[in-house]
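Student: model the structure of this input:
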Amino acid sequence: MIDFFGFLALPLSFIMRFIYDFVLNYGWTIIIFTVLIRIAMIPLGLMQQKSSARMSAYQPFIQEIQKKWANDRNRQNQEMQKFYQENNIKMTGGCLPMIVNMVVIFGIIAIIQAPLKYMVGLPAAEIDSARYIVAANTEGMEYDDNSLNYTIQSTVIGEIKSNPQMFIDGVENEEGEIVKMGPEYVQKVEDFNFEFLGMNLAQRPSMAFNRYLIMPILSVLTMFASQIILMKTGGTAQMPGQGKNTMLIMTFVMGIMFGFFAFTVPVGFSLYYTASNIVLTGQQLLLKKIYNPAKMREEIAKEIEHKKQMKKAKKVVKVKDKKGFVIEKQMSDAEIARLRLEKARQMDQEKYAAEEEKSEIKSKKKEQNEETSQAQQEEETNTATREETSEESNAQQNGIEKKDKTEEYKPGRRKRARMKKTEVESESKEPMSFAEKEMEAEKNAKSPEEDA
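Tutor: Okay, the predicted model is just below:
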């Protein structure tokens, strides 16, 4: 976690080291730093106080809406949103101070967990050497690679203050090299004052009954006190029973969680949180005089009542009567809103009617075009059919005439073919006798009769 929030620790550590150069005490540095941070956050505190006071003042009206529409969740949500918009209520109005406060807390945790780096200003190499020397001279302790381990840093600080020469002389590592710290860095750790009220603020508290147990318990008690005062000054105490009980339970749970956390970090953080709670309590008492929830509740009640009266008040407006003439008429805001709603509905109906009419005209034109196209297609189909029929009939008629002509000229062709054949045969044969010629003549005489 230290590495992750290191970017928050760097700017805050510069401020704390600057303060330490004047006071030369780690405890007073933490307290003065806390006071300066709270003073710088006063504008955000004013914003949070104003937001809390206004929300407390609006609670009766919110409860009224919740009761009125208890059986209709949708309508209840609509009325709540309408109420928030009309009164410019922002549910996240008080979140920014809480976010800034959490950023500062995480930065402080990173500083207090690694004081050798952020407060003393030792280089990482010197911190590694110191950790190695402590691990080598402490029975049962192993070298930890995490140079920001606050448990090891707390032990290093204690060992350097008790035996600084051990770190100057150093120890031999496994490679035979001497691991040691520079004398000037050992002196810086010796000179840095971690003591406050007899406690080493770099040490982690334990459950043992000693002075280190005081700071974690005191931080938890001051947290409870500041939260209770915050609820009263912010108007949370006037919230309905369920909401108030929820806030008390959250405060109790946070107190237990923080109490457990206070025993896992150095006691310097418990000092910071205790000082922060005390300063926050005084700040809330001061801000209550500027934004008093009781006075603000009265002012907001009057403001809301004035808005209701303004809505009911009659106003002179110009409207058109049924005949279309412009007349002046007294109307309330609700009546004007209804009139505007009716006008908007009428305009919508006219718009939709015009759109429907256009749609009908388009559909009719489309149907007419489709019918015309279909008729043209049918006409083209009929024309093509008639042409095909005419061509077929012409082809059939031409075929019959051709056949008749062919049949007409068939006998002549046969006779000419036989005569040609006879001539060829006569040329190829020997000359016939008189009797053979007589028989050939009779045969040729019979041929016409056969052809007929």
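
Student: low-confidence bits of the stretch 1-150 of the chain, can you list those?
Tutor: Applying pLDDT under 70 to the stretch 1-150 of the chain flags residues 1-6, 91-94, 139-150.

Student: do that again at 50, thanks
Tutor: 1-2, 147-148 (pLDDT under 50).

Student: which residue ranges form the helices in it?
Tutor: 6-23, 26-40, 42-68, 73-86, 95-113, 115, 124-137, 150-162 (DSSP state H, counting those that start in this stretch).

Student: what's the next secondary structure element after the last one?
Tutor: Think helix 150-162. Going down the chain from helix 150-162, the next helix or strand is helix 164-169, by DSSP states H and E.

Student: what's the helix or strand following that next one packed up against?
Tutor: Proceeding N to C from helix 164-169, the next assigned helix or strand is strand 171-172, under DSSP H and E. When contacts are defined as 3 or more Cβ pairs under 8 Å, 6 or more residues apart in numbering; DSSP states H and E, strand 171-172 packs onto helix 124-137, strand 178-179. All C-beta spots, glycine's among them, are computed from the backbone N, C-alpha and C.

Student: between these, which one is closest to Val100.
Tutor: helix 124-137 (29.7 Å; Cβ to Cβ).

Student: can you list the buried residues in that closest one?
Tutor: By neighbour count with 16 or more other Cβ atoms under 10 Å, helix 124-137 contains the buried residues 126-135.

Student: among the helices of the stretch 1-150 of the chain, which is nearest Thr381?
Tutor: helix 73-86 (61.8 Å).

Student: got a list of what Leu10 touches?
Tutor: The contact partners of Leu10, by Cβ atoms under 8 Å, 6 or more residues apart in numbering, come to Tyr118.

Student: contacts for stretch 272-288 next, please.
Tutor: Under Cβ under 8 Å, 6+ apart, the answer for stretch 272-288 is 30-31, 33-35, 37-38, 42, 45-46, 49, 105, 108, 112, 215, 218-219, 222-223, 225-226, 229-230, 233-234, 258, 262.

Student: list the buried residues for it?
Tutor: 272-281, 283-284, 287-288.

Student: okay, domains of the protein per the record?
Tutor: With domains defined by automatic domain parsing, the chain comprises 6-295, 410-451.

Student: could I get those as JSON lines with distance to Thr381?
Tutor: Output for the domains of the chain, formatted as JSON lines (distance: least, Cβ to Cβ, whole Å):
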{"stretch": "domain 6-295", "distance to Thr381": "62"}
{"stretch": "domain 410-451", "distance to Thr381": "43"}
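
Student: which one of those is the most hemmed in?
Tutor: domain 6-295 (a mean of 17; mean count of other Cβ atoms under 10 Å).

Student: now it: how far from the chain's centre is it?
Tutor: 30 Å (Cα atoms, centre = their mean, to the nearest Å).

Student: before we move on, the earlier item: quick one: which of the domains of the chain is nearest Met347?
Tutor: Among these, domain 6-295 sits nearest to Met347 (Cβ to Cβ), with 23.7 Å.

Student: now, among the buried residues of stretch 272-288, which is nearest to Ile89?
Tutor: Of the buried residues of stretch 272-288, the one sitting nearest to Ile89 (Cβ to Cβ) turns out to be Leu287, at 19.8 Å.

Student: just the angle between the helix or strand containing that closest one and helix 26-40, please?
Tutor: Element membership for Leu287 (DSSP H and E) is helix 267-290. Taking axes from the mean of the first three to the mean of the last three Cα atoms, to 10 degrees, one finds that helix 267-290 is oriented at 30 degrees with respect to helix 26-40.

Student: now do helix 267-290, average pLDDT.
Tutor: On average, the pLDDT along helix 267-290 is 86.

Student: what angle sits between it and helix 42-68?
Tutor: Using the same axes, to 10 degrees: helix 267-290 against helix 42-68 is 70 degrees.

Student: turn the buried residues of helix 124-137 into TSV, including distance to Ala70.
Tutor: TSV is the format used below for those (distance: Cβ to Cβ, whole Å):
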residue	distance to Ala70
Glu126	68
Ile127	63
Asp128	66
Ser129	70
Ala130	67
Arg131	64
Tyr132	69
Ile133	71
Val134	66
Ala135	66
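
Student: so Gln49 makes contact with Leu230?
Tutor: No. Counting by Cβ atoms under 8 Å, Gln49 stays clear of Leu230, with 9.2 Å between them.

Student: what residues are up against Ile31?
Tutor: Per Cβ under 8 Å, 6+ apart, neighbours of Ile31: 271, 275.

Student: distance check, it against Ile19.
Tutor: According to Cβ to Cβ, to the nearest Å, Ile31 and Ile19 sit 10 Å apart.
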